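*Asks:* need coordinates for the following:
(4 chains)
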2 protein chains.
Amino acid sequence: MTKLHSHQHDHDAGHAHDHNHNHCIDTALATAETLCIEQGQRLTKVRRRALELIWESHRPLGAYQLLAKLAEEGFNSAPPTVYRALDFLLAAGLIHKVESMNAYLGCAHADRAHKGYFLICDECHNVMEFDYQDIHAALIAKAAKQGFELRAETIELTGLCADCKAKATDAAAVGTSA
Amino acid sequence: MTKLHSHQHDHDAGHAHDHNHNHCIDTALATAETLCIEQGQRLTKVRRRALELIWESHRPLGAYQLLAKLAEEGFNSAPPTVYRALDFLLAAGLIHKVESMNAYLGCAHADRAHKGYFLICDECHNVMEFDYQDIHAALIAKAAKQGFELRAETIELTGLCADCKAKATDAAAVGTSA
DNA sequence: GATAATTTTGTTATGGTATAACAACTCAAA
DNA sequence: TTTGAGTTGTTATACCATAACAAAATTATC
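*Replies:* Have a look, this model is predicted:
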């Protein structure tokens, strides 16, 4: 039950890179290059830039948000452009789709097969990806008991992250003392 | 195929349920009535009929599919009508939303608090709801370890159901022998 | 290099999902 | 009976996603 990676960056508006997120991006891009070459896939300009832009966002990015960013940079501005890039990146395992948000998130472990399990904060909309082999195994076993052969898992947990919970508690304290 | 009370039942193509689905619907509606009265909520005509229609479908029903059915019966045909009904039913815990399908499903256990965990067949699109306290507890514990307070869980597993797996095997066997 | 096969991208159009905003109506309580 | 909360009607719009076919770029093969 190792916590593999967290993307809970406190990303207040206009305060983009106050941590080593650049490193995440570089690593992800390098991994992407490697994987694509290994698999004979082409990480074209638009695909590569889409992946970077997704990583540059600290929160899951909607398809049309991404499209707007790409369009600003001179890429074609029609929806198929972005959906093709997303399809490619999803198929390559380089990003995940957060179904409950219709949004896309860089995958921190594209180099090894895994399922994307997410903790999504209702308040700040930050998303943490977590990995939980115990749960994965339990789900497979549970499905198998019903003769069901598992192919994909959508595990999206929403609630309050630690930061937002602290803020809420503070606010309540101020409220009661006043 | 099972025959319903007074309405037409149009989920015919390939449904896999042999039970008397009427009973499920009746139970669900009775539970809904009770719960709404207990909580001072109003199960109006359109809400009630929406819930029935969702239950009459053996598969998750899209908002616009539901809207069409309601419109056929003389209800208003504008989207807000159906989304309001869906919002009410979701809030009351009478239905679940299957995020990965953008579709809605009757909740079989509205009378007790629970999370909707789903097994969704890629082939026949039937959905089985399952309940798994072990997983629920594990997820809560996992989230808590990161200071995260869980509010909702989206657990949607897709793959091949037992029936479709059997059919696929049969088809393969015929293919190889021919 | 020329050519063909394959993949990727451009372009137009459309379909599917969901909500905002405000007006009108209903029903029950004060 | 007025009031007020909740519900529904109505119009408009925003957001999410794909179909279908044309054009261009890339790769493989001659």
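
*Asks:* next, find the distance separating the residue nearest in space to the middle of chain A from DNA strand D.
*Replies:* The residue lying closest to the centre of chain A (CA atoms, centre = their mean) is A:L105, at 2.4 Å. For A:L105, the distance to DNA strand D equals 13 Å [CB to the nearest atom of the strand, to the nearest Å]. Quick note: C-beta positions are derived from backbone N, CA and C, even for glycine.

*Asks:* ok so that residue is a strand residue?
*Replies:* Yes - the assignment for A:L105 (DSSP: H, G, I helix; E, B strand; the rest coil) places it in a strand.

*Asks:* beta partners for the nearest residue to A:K115 once chain neighbours are set aside?
*Replies:* Using CB to CB, 6 or more residues apart in numbering or on different chains and skipping the chain neighbours, the partner closest in space to A:K115 is A:E153 (4.7 Å). On the basis of DSSP bridges, A:E153 is bridged to B:L157.

*Asks:* burial check on A:E153, number of neighbours?
*Replies:* By the criterion of other CB atoms under 10 Å in any protein chain shown, A:E153 has 18 neighbours.

*Asks:* repeat for A:A30
*Replies:* A:A30 is flanked by 10 other residues according to other CB under 10 Å.

*Asks:* for it, helix, strand, or coil?
*Replies:* Per three-state DSSP, A:A30 ends up helix.

*Asks:* same check, this time on A:I54
*Replies:* Assignment for A:I54 (three-state DSSP): helix.

*Asks:* OK, contacts around it?
*Replies:* A:L61, A:L66, A:L89, A:I95, A:Y104, A:L105, A:G106 (CB atoms under 8 Å, 6 or more residues apart in numbering or on different chains).

*Asks:* same thing with A:A152?
*Replies:* Counting by CB under 8 Å, 6+ apart, A:A152 touches A:K115, B:L157, B:T158, B:G159.

*Asks:* which of the contacts of A:I54 lies closest to A:E123?
*Replies:* Nearest to A:E123 among the contacts of A:I54: A:L105, at 17.6 Å, using CB to CB.

*Asks:* is the closest one bridged to anything, and to what?
*Replies:* A:H96.

*Asks:* please name the residues that touch it.
*Replies:* With CB under 8 Å, 6+ apart, A:L105 has these contacts: A:H7, A:I54, A:P60, A:L61, A:I95, A:H96, A:K97, A:V98, A:G116, A:F118, A:V127, A:E129.

*Asks:* of those residues, just say which sits nearest to DNA strand D.
*Replies:* A:K97 (6.9 Å; CB to the nearest atom of the strand).

*Asks:* low-scoring stretches of chain A, by residue?
*Replies:* Low-confidence segments of chain A (pLDDT under 70): A:1-19, A:175-178.

*Asks:* near DNA strand D, which residues of it?
*Replies:* Chain A comes close to DNA strand D at residues A:42, A:62-65, A:78-80, A:83, A:87, A:97, A:102-103, as judged by CB under 7 Å from any atom of the strand.

*Asks:* buried ones only from those residues, please, as a PyMOL command.
*Replies:* Buried subset of the residues of chain A next to DNA strand D, written as a PyMOL selection, criterion 16 or more other CB atoms under 10 Å in any protein chain shown:
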select buried, chain A and resi 63+65+97+103
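
*Asks:* biggest separation within the residues of chain A next to DNA strand D, which pair?
*Replies:* Checking those with CB to CB, the most distant pair is A:R42 and A:N102, at 26.7 Å.

*Asks:* sec struct for A:A71, please.
*Replies:* helix.

*Asks:* tally up the residues packed near it, please.
*Replies:* 15.

*Asks:* check for me that A:R59 belongs to a strand.
*Replies:* No - under three-state DSSP, A:R59 sits outside any strand and is assigned coil.

*Asks:* and it, how far from A:Q41?
*Replies:* According to CB to CB, to the nearest Å, A:R59 stands 27 Å off from A:Q41.
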